[in-house]
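Visitor: got a sequence here, can you model it:
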Amino acid sequence: MKKSILNSLLIAGTVVSISACKPKKAIVVAPPVTTEVKTDNTKAEALALLNSKQLKFNTLALKAKATLDIAGNANDVTMNFRMKDQEVIWVSITALGGAYEPARALITPDSIKIMNRQKGEYLNKPFSYIYNFTNKQITFNTLQAILTGNAMGDFLTTASNLKKENGVWVVLGSKEGLDYRLLFNTLLKVDETNLNDEKSGQALKVNYTDYQKLNESLFPSALKINTLSGTKKVNINLQFVKIDGNIPVEFPFKVPGGYKLVR
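Guide: Numbers count the residues shown, from 1 in each chain. Below you'll find the predicted structure:
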């Protein structure tokens, strides 16, 4: 599991997939696609409708059963996420039924910190370190959106193309070399996100399924994320087994003495 776990943490915000047990809360079934009726809604009004369905939260505490597949090396682990909107993403990876924590990460808009307990090492880099794995258009807020089933706010603007395809909304366009395509379901939540930077050979695909109620909005129970950066392939399968919103959370990250800083 060793190095693959450390690397997967760096990309955990950009890649996820889900399978396994049923979520505890009832799944909200997306209504069937109906015959499309033309309306006089403007593009801005349609985008405002999609934006209104975005998950709004102060804090989140999530627990997921996960399979991390790094270049064909797959490991089953438990991942705990804690977030503060637009400020912090905290991740803990545990194995052996939670008895052992191989890795922990703390991500902010400015930095990425990772502890590798297996090797007694830690990483402390600026957020831009993530660009070794993904396009430079990926921001901290983008990362949070991916993990929470939100559409990326930078793309829900009038600069994007908006159309109905098979009865559901599709948002697509290109921004500074990054091609994007967001496919929504009939709940007006993201069903699939595709990002592609052909020049850099980087691609990201995220699938969301089984939305459930969280406060006044919806949260995906299942995610499937696949990333490609050059020859590096990463797949992360997550099944969220616990989802709590707007509760007190802490982000402990203390590097033990004797750990070696990875340059």
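
Visitor: hey, let's count contacts and neighbours off CA atoms from now on
Guide: OK.

Visitor: so which elements touch the helix or strand containing residue 67?
Guide: Residue 67 is part of strand 59-70, with elements assigned from DSSP states H and E. Contacts defined by 3 or more CA pairs under 8 Å, 6 or more residues apart in numbering; DSSP states H and E place strand 59-70 against helix 2-11, strand 73-84, strand 232-245.

Visitor: so that strand versus strand 232-245, what angle?
Guide: Orientation of strand 59-70 against strand 232-245 (axes from the mean of the first three to the mean of the last three CA atoms, to 10 degrees) gives an angle of 160 degrees.

Visitor: which SS class is the closest residue to residue 206 other than its chain neighbours?
Guide: Closest residue in space to residue 206, ignoring its immediate chain neighbours: residue 225 at 4.3 Å, by CA to CA, 6 or more residues apart in numbering. With DSSP: H, G, I helix; E, B strand; the rest coil as the basis, residue 225 sits in strand.

Visitor: which strand residues bridge residue 225?
Guide: Beta-bridge partners for residue 225, by DSSP bridges, are residue 236.

Visitor: number of nearby residues for it?
Guide: 26 (other CA atoms under 10 Å).

Visitor: that one contacts residue 239, correct?
Guide: No: applying CA atoms under 8 Å as the test, residue 225 and residue 239 come out as separate, 12.0 Å apart.

Visitor: the inter-axis angle of the strand or helix carrying residue 147 versus strand 73-84?
Guide: Using DSSP H and E, residue 147 sits in helix 140-148. Angle of helix 140-148 versus strand 73-84, following the same axes, to 10 degrees, is 110 degrees.

Visitor: next one: the closest residue to residue 79 other than its chain neighbours from residue 30, what distance?
Guide: Of all residues not flanking residue 79 in the chain, residue 93 sits nearest, at 4.7 Å (CA to CA, 6+ apart). To residue 30, residue 93 is 32 Å away according to CA to CA, to the nearest Å.

Visitor: which one of those two is surrounded by more residues?
Guide: residue 93 (21 against 14).

Visitor: quickly list what that one is bridged to.
Guide: So, taking DSSP bridges as the rule, residue 93 has residue 79, residue 103 as bridge partners.

Visitor: next one: residue 197
Guide: Counting by DSSP bridges, residue 197 is bridged to residue 202.

Visitor: that one touches residue 179, doesn't it?
Guide: Yes: with contact defined as CA under 8 Å, residue 197 reaches residue 179; the gap is 6.3 Å.

Visitor: quick check on those two: which one has the bigger neighbour count.
Guide: Ranked by neighbour count (other CA under 10 Å), residue 197 and residue 179 place residue 197 first, with 21 against 15.

Visitor: now do the contacts for that one.
Guide: Residue 197 is in contact with 135, 177-179, 203, counting by CA atoms under 8 Å, 6 or more residues apart in numbering.

Visitor: tell me the pLDDT at residue 4?
Guide: Residue 4 is assigned a pLDDT of 42 by the prediction.

Visitor: ignore what I typed, I meant residue 9.
Guide: At residue 9, the model reports a pLDDT of 45.

Visitor: now residue 154
Guide: pLDDT recorded at residue 154 is 89.

Visitor: surely it forms part of a helix?
Guide: Yes: Residue 154 forms part of a helix when assessed by three-state DSSP.

Visitor: what's the local residue count around residue 54?
Guide: A count of neighbours around residue 54, defined by other CA under 10 Å, yields 21.

Visitor: give me the pLDDT for it.
Guide: On pLDDT, residue 54 comes in at 96.

Visitor: please verify my assumption that it contacts residue 216.
Guide: No: checked against CA under 8 Å, the pair residue 54 and residue 216 is beyond contact range at 10.3 Å.

Visitor: before we move on, the earlier item: who touches the residue nearest to residue 79 in this structure?
Guide: Taking CA under 8 Å, 6+ apart, one finds 77-80, 101-104 in contact with residue 93.
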